[in-house]
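1. with the input below, show me the fold.
(chains A and B)
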Amino acid sequence: MNIKGLLAAAGLATGLATAAAAQDDPTKVGFIYVGPIGDGGWTYEHDKARLAVEEHFGDKVETVYQESVPEGADAERAITQMALQGADLIFTTSFGFMEPTLTVARKFPDVKFEHATGYKTLPNVSTYSARFYEGRAVQGHIAGKMTESDIIGYIASYPIPEVIRGINSAFVHAREANPDVEFKIIWAYTWFDPAKEADAATALIEQGADVILQHTDSTAPHAAAEKAGDVVTFGQASDMAEYKPFPRVSSIIDNWAPYYIDRVQAVMDGTWESQQVWHGIDEGMVEIGEITDAVPDEVKQEALALKESMASGEYHPFTGPLKKKDGSAWLAEGETASDETLLGMDFYVEGLEADIPQ
Amino acid sequence: MLRLERRPQPSRLWTWLAPLLAVLATMVAGGLLFALLGKNPYEAVATIFWEPLFGEFASYYRPQLLVKGAPLVLIGIGLGLGFRAGIWNIGAEGQYIVGALTGAGVGLAVYPLDAWFVFPLMVIAGALGGWAWAMIPALLKVRFGTNEILVSLMLVYVAEELLAAMALGPMKNPEGMGFPGSRNLQQYPAAHNAEILTGTGMHWGVVAALIAVIFAYVLLGRHILGYHIRLSGQAPRAARFAGVRPARLVLTCLGISGALAGLAGMFEVSGPAGQVSIDFNVGYGFTAIIVAFLGRLHPAGIALAGLLMALTYIGGEIAQSNLGLPAAAIQMFQGMLLFFLLAVDLFTNFRVRLRKTEVA
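-> Have a look, this model is predicted:
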């Protein structure tokens, strides 16, 4: 085809696209982010899913977003603004956006809202979250096998059920892999702060930890581990592949794209309904990043088998017998934890030496 | 050769011209920045300054200007008084947090008591909390000669830790399923700092800011304390001869600014924010420093500057979601404002002289 032909074809295509848009207004989807897109972790993955929505629906959607929105009064304005500007569906992607989301949702009954990691709903507000504790089980197993000092460091963010669940799940499976394992936990009180995370990692390494798990989003702990030389780390929220194959030996990846595409489709079809979903490895919301060759093949196979057993539903990471830290009974032999207990989890399992900060 | 020469008196014209020029320069430089990011600079700048005031949804944004501006003005007024006297309270953010904690603390302690005096008690507690937090650097300065800039700033980080501890511990919502954060005061009518007229954005914090502006104006113009403040800033030695007791002035200025910052925090936590949460503070205490200087440390100027800052915040948010501008670009835009103000301010105290190079 010659140049003229190309131009004509392009012109025609543009014309068609405009016509299509004019016939049917694109569905407008808004995203409220708690951090900068460049955090490489939590917000980065949500934005990746936003781009996936754009790619999937093409001209049929228009997406808008606002990053680094403080939780509180400013969030309410940011969400209102998106609703005013005609968004049909708004994803608010942090726990702290719960109250502002509900407040705005009451004022805009025709707009649909999706709030990540919360627990309150309305007829036009859904909640969604991922069973990251399934991924933590895999991490815990690998960590228990990899440690030589028997000390595993854990950089925790805030003492909320989500984080405590992760610590418990990792600990249970690390102990299963290695009964001598101990956990040292540092609370960073941040989701993303490279300087604080690096300090925490260094402190843990100095206390003898040779495996570090993190519930914070930056790669700073990986850099600290790399400097120390023989410390194992895991990617958090995103793959953090730049530290492959060592110190980063695997990762938990949040994959929001299938859910977001699903929900946008539901709005387009008019089938959207309020719901509370909690998806795991099975639905693909929680992914396990490549387990590198730094992990012995035998351990890798065990980890993959563990992952499969959770995906198929034959194994639950919290299966009895399990006791609480204070020695009281929690789960009897063969009993599995209910979602309700897990969602409000505010206790450690037996064997963890630390206390949850109050 | 160009040479700077100190003016015998700060130029009155330049004092008021500087902020306007700084805003213009920010628009131009900000426009360039936006153009480099591939956005239409005219559209971006217009969105920031025009949209919240006269755009399609102005009826929603105009009240929000008051909501966003009130804490800035309230804190800025207090800081301005101190800055005039050469007393540098940099830690208003910390006093803001502590005021919110003490104010909300009273409300949460008596929950669910439904009585008219709950809110007034919270107001008093908020002011006292901020005042007490500011007394730490004040007393240390008076007693041991410590630097109030450092001490007040450091106390911000202490206050942040305190905030986290409160949100996770004593003030945690018992019905919150273990999640951090207090009860929502918006759902507790006796403690709710609600809008006085629905849809106007006018809550008690806005009223307090207005009163503070008038109070500061009268104080500086008509009261002996205002005279002492001005004198101490302009001529510390002369002030001493005039009978100003520096220690008392430090306590008074830090006390007032602390109490006002505490009030701002209290009105915010019981109104727009609603709850004590880990990330409750969003930097009003620091932004108010810019507001105080942009307003020339003059009460009326601070009120205008507070509204202008609020405008860039709200307009900036609109530009973010409408034009896809990154948040960092908006923050740079706001930072430029102070930067250019400081630059242009040079001409208030200096004039440029063209001079022949002298032969050595």
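2. who does residue A:214 bridge with?
-> residue A:155 (DSSP bridges).
3. I'd like to know how many residues surround it.
-> Using other CB atoms under 10 Å in any protein chain shown, residue A:214 is surrounded by 30 other residues. For every residue, glycine as well, the C-beta is placed using N, CA and C.
4. just residue B:192 next, same as before
-> When counting by other CB under 10 Å, one arrives at 18 neighbours for residue B:192.
5. report the contact partners of it.
-> Shown here is residue B:192, whose contacts under the criterion CB atoms under 8 Å, 6 or more residues apart in numbering or on different chains are B:119, B:185, B:186, B:270, B:271.
6. now check whichever strand or helix holds residue A:176, is it near chain B?
-> Using DSSP states H and E, residue A:176 falls within helix A:161-177. Yes: using CB under 8 Å from any CB of the partner chain, helix A:161-177 reaches chain B at residue A:161.
7. so which of the contacts of residue B:192 also contact chain A?
-> Near chain A, by the rule CB under 8 Å from any CB, you find B:186, B:271 out of the contacts of residue B:192.
8. which helix or strand lies directly C-terminal to the helix holding residue A:176?
-> Remark: after helix A:161-177, the chain's next helix or strand is strand A:182-187, criterion DSSP H and E.
9. direction included, what does that next one pair against?
-> Paired neighbours of strand A:182-187 in the sheet (DSSP bridges): strand A:151-156 (parallel).
10. which ones are touching residue B:254?
-> With CB under 8 Å, 6+ apart, residue B:254 has these contacts: B:82, B:87, B:89, B:134, B:135, B:137, B:138, B:148, B:152.
11. how does it look with 7 Å?
-> By CB atoms under 7 Å, 6 or more residues apart in numbering or on different chains, residue B:254 lies in contact with B:82, B:87, B:89, B:134, B:137, B:138, B:148.
12. what does residue B:196 give?
-> Going by CB under 7 Å, 6+ apart, residue B:196 touches B:202, B:203.
13. where does it fall, helix, sheet strand or coil?
-> Secondary structure, DSSP: H, G, I helix; E, B strand; the rest coil: residue B:196 is coil.
14. relative to residue A:106, how far out is it?
-> 21 Å (CB to CB, to the nearest Å).
15. which residues sit against stretch B:80-88?
-> With contacts defined as CB under 7 Å, 6+ apart, stretch B:80-88 is touched by B:89, B:148-149, B:216, B:229-230, B:232-233, B:236, B:249-250, B:253-254, B:256-257, B:292, B:295, B:297, B:302.
16. re the thing from before, hmm, who's touching the helix holding residue A:176?
-> By CB under 7 Å, 6+ apart, the residues outside helix A:161-177 that reach it are A:117, A:132-133, A:136-137, A:139-141, A:143-145, A:152, A:154, A:156-157, A:181, A:183, A:185, A:213, A:215, A:317, A:342-346, A:348-349, A:351-352, A:356, B:178-179.
17. in helices, which of the residues you listed appear?
-> A:132, A:133, A:136, A:137, A:139, A:140, A:141, A:143, A:144, A:145, A:342, A:343 (DSSP state H).
18. and the residues you listed, which two are furthest apart?
-> Greatest spatial distance in the ones in helices among the contacts of helix A:161-177: A:145 and A:343, 29.8 Å, computed using CB to CB.
19. quick one: residues contacting the residue in chain B positioned nearest to chain A.
-> At 3.5 Å from chain A, residue B:272 is the closest residue in chain B, using CB to the nearest CB. Counting by CB under 7 Å, 6+ apart, residue B:272 makes contact with A:73, B:67.
20. A helix includes it, no?
-> No: read with three-state DSSP, residue B:272 is coil and lies in no helix.
21. neighbours of residue 344, how many?
-> No chain specified, so I'll use chain A. 16.
22. oops, chain B please
-> Neighbours of residue B:344 using other CB under 10 Å come to 19.
23. isn't it up against residue B:23?
-> No: counting by CB atoms under 7 Å, residue B:344 does not reach residue B:23; the two are 9.9 Å apart.
24. and residue A:253, what does it touch?
-> The neighbourhood of residue A:253, defined by CB under 7 Å, 6+ apart, consists of A:238, A:239, A:287, A:289.
25. which ones among these also lie next to chain B?
-> Among the contacts of residue A:253, no residue is within reach of chain B (CB under 7 Å from any CB of the partner chain).
26. buried by neighbour count, from the residues you listed: which ones?
-> Buried subset of the contacts of residue A:253 (neighbour count, 16 or more other CB atoms under 10 Å in any protein chain shown): A:238, A:239, A:289.
27. wait, a helix at residue A:114?
-> No: using three-state DSSP, the assignment for residue A:114 is strand, not a helix.
28. for the residue nearest to residue B:110 when sequence neighbours are not counted, what are phi and psi?
-> Excluding the flanking residues, the one nearest residue B:110 by CB to CB, 6 or more residues apart in numbering or on different chains is residue B:118, at 6.0 Å. Backbone torsions for residue B:118, taken as degrees, to the nearest 10, come to phi -60, psi -50.
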